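Participant: predicted model and sequence below, questions to follow.
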Amino acid sequence: MKAAIWYAKKDIRVEEVDEPTVHAGDVKIRVAWAGICGSDLHEYVAGPITIPADTPHPLTKRTAPVIMGHEFAGEVVEVGKDVTQVSVGDRVTVEPMITCGKCKACRQGRYNLCEVIAAFGMSGVGGGFSEYTVVSENMIHKIPEHMSYELAALVEPTAVAMHAVKLSHLKVGDTVAVFGAGPIGLLTIQASFLAGAKKVFAIELSEERRKVATKLGAVAIHPAETNVAEDIMKQTNGEGADVSFEATGVPIVLEQAVNSTKMGGEIVIESLWESKPKLDANSFVFKELHLVGSIGYRNIFPTVIELIADGKLDVSDLITKKITLDNIVEEGFESLLQEKAQVKILIEP
C-alpha cells in the first residue's frame, strides 16, 4: 500500500509499504479521508519537534521514519482477537492519543497530560496518511451513518478547539478574541459561540481566512492594517476581550492578546511553538490576567461527533482543498505554506 512517511525536516516521501497486520485488541481501518494538521506542518517545516528522531519514544519504543496523519476517518475492514465493541463495516474516526494509563494524570482521567504521551502518526507509530492503518480498539469512535467521512476527519481538530473553550472561564454574553484564523482558530470561533459568546473577534492576516471567520459570525480584524489592541478596546467601550485564545504560536501575537484582554481576563494558549516566546510578567501582574495552557483534548470525542453530525457545528467551510496521497507534499504541505487561502486540506489515500 502507499503511505506518506516522515524522514526528516522537509523530507516526506510517498512510498510503497506493507499493509499493517492486526493483533489482539487491534482494529484495521481503510482510511477514507485524512487531514493535514498544524502540528504535521510544524514537523515538516521545523521538525523533529515531537517526532522521536534518534531516541526511541518511551512509550512506543519507536523512532522515525513514521507514517504521518492523525486526523482521519474510515471503514473497519478487520478486527483482532478480543475486540468486542467494533465490527467489520463500522464507520469510525480515531482519537489518536496513546497513553500509559498508569501515571498520575492518567489515573485522574486527565490522559491528555500523560507523562509519556504519544501520538499516533507522530511518535514512531502510525498513521492516517496511508491506505490502511491499524489502531487499538480503545482509540475508535463510531460515527453515525449520516455523517460523511470528510466531516469525521475534522473531529480531531474540532476536539482541540472544544477542549480549549471548555478549559476557559468563558460565560454566556462574553466577548472573545481569537488570534489566528487557521483551522483551530476558526473552530475556536464556532466553539466560543456555541458556549454563549456574544461577540467574537478574529485576528488574522489572510484575507481568505478572515472571510471564513466573518461567515462564521466573527468580527474580522486585519493586524497589519490596524493596532489590534486599540481596535478591540474601541469596539468594547474600553473594556477589552473577556477571553482571548492564542492559536498562532507567534510571539508578537501573544503580546497582542495580552494588550487586548480586559483586566482580570483570561488568555488561553492552544498553539504549539517552534520558539520560546518572551513574556512580560508585569503585563499579567498589573492586569491580574489568567493564563491557561490547553493541549489536545480529553473525554470529548463523542460530544464533538454528535455536534458535527447534527449540524450544530458546521465545519464544512474549513475544507478548502481535497487531494490524493501522491500529491501530499506539493499540493498539501507546500500549498499550506504558500497559499494563505488554504485552511484544511484533506487527503484521500
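Facilitator: Cool, the structure landed.
Participant: grab the nearest non-local neighbour of residue 231.
Facilitator: residue 221 (5.7 Å; C-beta to C-beta, 6 or more residues apart in numbering). Any C-beta I mention is one placed from the backbone N, CA and C, and that applies to glycine too.
Participant: count of neighbours near that neighbour?
Facilitator: 23 (other C-beta atoms under 10 Å).
Participant: look up how far residue 256 lies from it.
Facilitator: Applying C-beta to C-beta, to the nearest Å, the value for residue 221 to residue 256 is 10 Å.
Participant: now the common contact residues for the two.
Facilitator: Residues touching both residue 221 and residue 256 (C-beta atoms under 8 Å, 6 or more residues apart in numbering): 203, 228.
Participant: what sits against the residue of the chain most remote from its centre?
Facilitator: Going by C-alpha atoms, centre = their mean, the residue of the chain most distant from its centre is residue 237, 33.1 Å out. Applying C-beta under 8 Å, 6+ apart to residue 237 gives no contacts.
Participant: for residue 316, phi and psi?
Facilitator: Here is the backbone geometry of residue 316 (degrees, to the nearest 10): phi -60, psi -30.
Participant: residue 73 too?
Facilitator: phi -150, psi 160.
Participant: and for the one 5 residues further on?
Facilitator: With angles defined as degrees, to the nearest 10, residue 78 shows backbone torsions of phi -160, psi 140.
Participant: please apply the same query to residue 328.
Facilitator: Dihedral angles of residue 328 (phi, psi; degrees, to the nearest 10) stand at phi -60, psi -30.
Participant: any idea how far the closest residue to it other than its chain neighbours is from residue 151?
Facilitator: Using C-beta to C-beta, 6+ apart and skipping residues adjacent in sequence, the residue nearest residue 328 is residue 4, 4.9 Å away. From residue 4 over to residue 151 the distance is 22 Å, taken as C-beta to C-beta.
Participant: so between the two, which is more surrounded?
Facilitator: residue 4 (28 against 23).
Participant: which residues are in contact with stretch 285-292?
Facilitator: Contacts for stretch 285-292 (C-beta under 8 Å, 6+ apart): 167-169, 258, 261-269, 283-284.
Participant: one step back: the residue nearest to residue 231 reaches residue 233, doesn't it?
Facilitator: No. Applying C-beta atoms under 8 Å, one finds residue 221 not in contact with residue 233, separated by 11.8 Å.
Participant: re earlier: among the contacts of stretch 285-292, which are in strands?
Facilitator: 261-269 (DSSP state E).
Participant: most neighbours among those, which one is it?
Facilitator: Neighbour max across the ones in strands among the contacts of stretch 285-292 (other C-beta under 10 Å) = residue 261, 27 neighbours.
Participant: show me what contacts that residue?
Facilitator: Taking C-beta under 8 Å, 6+ apart as the contact definition, residue 261 lies against 177, 240-244, 267, 287, 289.
Participant: grab the nearest non-local neighbour of it.
Facilitator: Distances taken as C-beta to C-beta, 6+ apart place residue 244 nearest to residue 261, at 4.7 Å, with adjacent residues excluded.
Participant: which strands and helices sit next to the helix or strand harbouring that neighbour?
Facilitator: In the assignment (DSSP states H and E), residue 244 maps to strand 241-246. On a contact count with 3 or more C-beta pairs under 8 Å, 6 or more residues apart in numbering; DSSP states H and E, strand 241-246 meets strand 175-179, helix 183-194, helix 251-260, strand 261-269.
Participant: pLDDT of it, averaged?
Facilitator: Computed over strand 241-246, the mean pLDDT rounds to 98.
Participant: so how far is that strand from its chain's centroid?
Facilitator: 18 Å (C-alpha atoms, centre = their mean, to the nearest Å).
Participant: which residues sit against that strand?
Facilitator: In contact with strand 241-246 (C-beta under 8 Å, 6+ apart) are residues 164-165, 168-171, 174-180, 185, 188, 192, 201, 232, 253-254, 257, 260-262, 265-271.
Participant: pull up the pairing partners for it, direction included.
Facilitator: Counting by DSSP bridges, the strands paired with strand 241-246 are strand 175-179 (parallel), strand 261-269 (parallel).
Participant: and residue 18, how many neighbours does it have?
Facilitator: 7.
Participant: residues in contact with it?
Facilitator: Counted by C-beta under 8 Å, 6+ apart, residue 18 has contacts residue 1.
Participant: ok, it to residue 215 distance?
Facilitator: Residue 18 is 44 Å from residue 215, where distance means C-beta to C-beta.
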